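Chemist: Got a sequence here, can you build the structure:
(2 chains)
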Protein chains: 2
Amino acid sequence: MKTKFFFITFGVANLEKSVSFYRDGLGWQTDGIVAEDLHDDNTGADGTIAFFKFDNGILLALYERQNLAKDAHIELGSSSATEFSLGYPAESKAEVDSILEHAKAAGAIITAPPHERPWGIYSGYFKDPDGHLWEVVYRP
Amino acid sequence: MKTKFFFITFGVANLEKSVSFYRDGLGWQTDGIVAEDLHDDNTGADGTIAFFKFDNGILLALYERQNLAKDAHIELGSSSATEFSLGYPAESKAEVDSILEHAKAAGAIITAPPHERPWGIYSGYFKDPDGHLWEVVYRP
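Modeler: The predicted model follows:
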C-alpha cells in the first residue's frame, strides 16, 4: 500500500457555518455547497458537500459529521479536537503571529499563543468552528 | 491567508502501536519514534513523535493525543471517528477491494464495504487503530 492521499474531509456540525468560516473568514475559494441533489440509498448519506483546493492540489472537503458517519457506516461521534491537526507553513515568526490574528478575526479560537518550541519551530494553534486544529508553524 | 498545509498530525492513544500499524502493517517507511529527549517546559508536551512522508511531500505525524492536547493547550478529548477522513486514491475497483483487504489484514477495521456511490465513485472505508478514517476511492 503506497503512502498517499488526495483529499481530507472535515466532519462538521453545520455546513453553511463552516463554509462561511473558510470562504468568508479565511478568504479561501470554493464553488460552495454542491451535490445537494444526491443521496446514497445504500447508506442513507446525502451528497451535500463543499470543496476547497489546497495549493498542492489536495482537496479539503467539508461534510456534515452525520453524513460522514452514514457514508463510513460508523456511529456518529462527537467533536474531538485531539483527533488530528493540520500544519500551516508560515515564512517568519511575524507571519505566524499575523495568521493567528487573521484566524481569530475570522472567528477562530486561539488555543495556544505562539512560542518557540524545543523542537526548533515557532508555532501557535487555532481551532476552527468545529474544533479542527491548525498549527501555524515557522521552521527556520 | 493562503490555502495550504504541510503536515497532518494524527492524535494517537499508543504511539508504538500506531507506528506498528502504519510501518509494519501498511508497509510505510519511517525513521521511527524520534525526539524522545525533547520536552517543552512551556506546555508540558513531550517531543516524542513519528513521521511518514506522503508521495506529495506532505508529512504524516503520529503524536500521542495527550501531547497534542498539551501542545495545543486544549482539553484532552476522546477518540472520534467522525472528526475527519483521508481519501486514498485507487486506480480501479479491484484495487479498492485489495487495499481494503490489505488494511484489514494489517489490523484495520473495515467499516463500510466498497460500493458505487451516486456521486460517481466506488469506495469503502477502514479505521486505523485509533479510529482515524480512510476512504479508499476509485474515481473513473
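Chemist: Need the distance between the two termini of stretch A:84-95.
Modeler: As for stretch A:84-95, its first-to-last residue distance stands at 23 Å under the measure Cα to Cα, to the nearest Å.
Chemist: in that stretch, what counts as buried?
Modeler: In terms of neighbour count (16 or more other Cβ atoms under 10 Å in any protein chain shown), stretch A:84-95 has its buried residues at A:84-90. C-betas here are computed from N, CA, C, even on glycine.
Chemist: Got the domain ranges for chain A?
Modeler: Domains of chain A are assigned by automatic domain parsing as A:7-72, A:85-138.
Chemist: Could you give me the buried positions within the lengthiest helix in chain A?
Modeler: As assigned by DSSP state H, the longest helix anywhere in chain A is helix A:93-105. Of the residues in helix A:93-105, those buried under the neighbour-count criterion (16+ other Cβ under 10 Å) are A:96-97, A:99-100, A:102-103.
Chemist: Go back to these and keep what's next to chain B.
Modeler: When contact is defined as Cβ under 8 Å from any Cβ of the partner chain, these meet chain B at A:99, A:102-103.
Chemist: which one of those is nearest A:Phe21?
Modeler: A:Phe21 has its nearest neighbour among these in A:Ala103, at 9.2 Å by Cβ to Cβ.
Chemist: one step back: identify, from the buried residues of helix A:93-105, the entry nearest to B:Glu16.
Modeler: Nearest to B:Glu16, judged by Cβ to Cβ, of the buried residues of helix A:93-105 is A:Val96 at 31.7 Å.
Chemist: now the helices: where do they sit in chain A?
Modeler: Listed from the start of the chain, chain A has helices (DSSP H) covering A:15-20, A:65-72, A:93-105.
Chemist: Dump those helices to a markdown table, plus distance to A:Ala50 and mean pLDDT.
Modeler: Shown next, in a markdown table, are the helices of chain A (distance: least, Cβ to Cβ, whole Å; pLDDT from 0 to 100):
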| stretch | distance to A:Ala50 | mean pLDDT |
| --- | --- | --- |
| helix A:15-20 | 5 | 96 |
| helix A:65-72 | 12 | 96 |
| helix A:93-105 | 19 | 97 |
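Chemist: The closest residue to A:Arg65 other than its chain neighbours: neighbouring residues, count only.
Modeler: On the basis of Cβ to Cβ, 6 or more residues apart in numbering or on different chains, the spatially nearest residue to A:Arg65 that is not a chain neighbour turns out to be A:Gly11, at 3.8 Å. Counted by other Cβ atoms under 10 Å in any protein chain shown, the residues lying close to A:Gly11 total 29.
Chemist: A:Gly77 versus A:Gly11, what's the distance?
Modeler: From A:Gly11 over to A:Gly77 the distance is 8 Å, taken as Cβ to Cβ, to the nearest Å.
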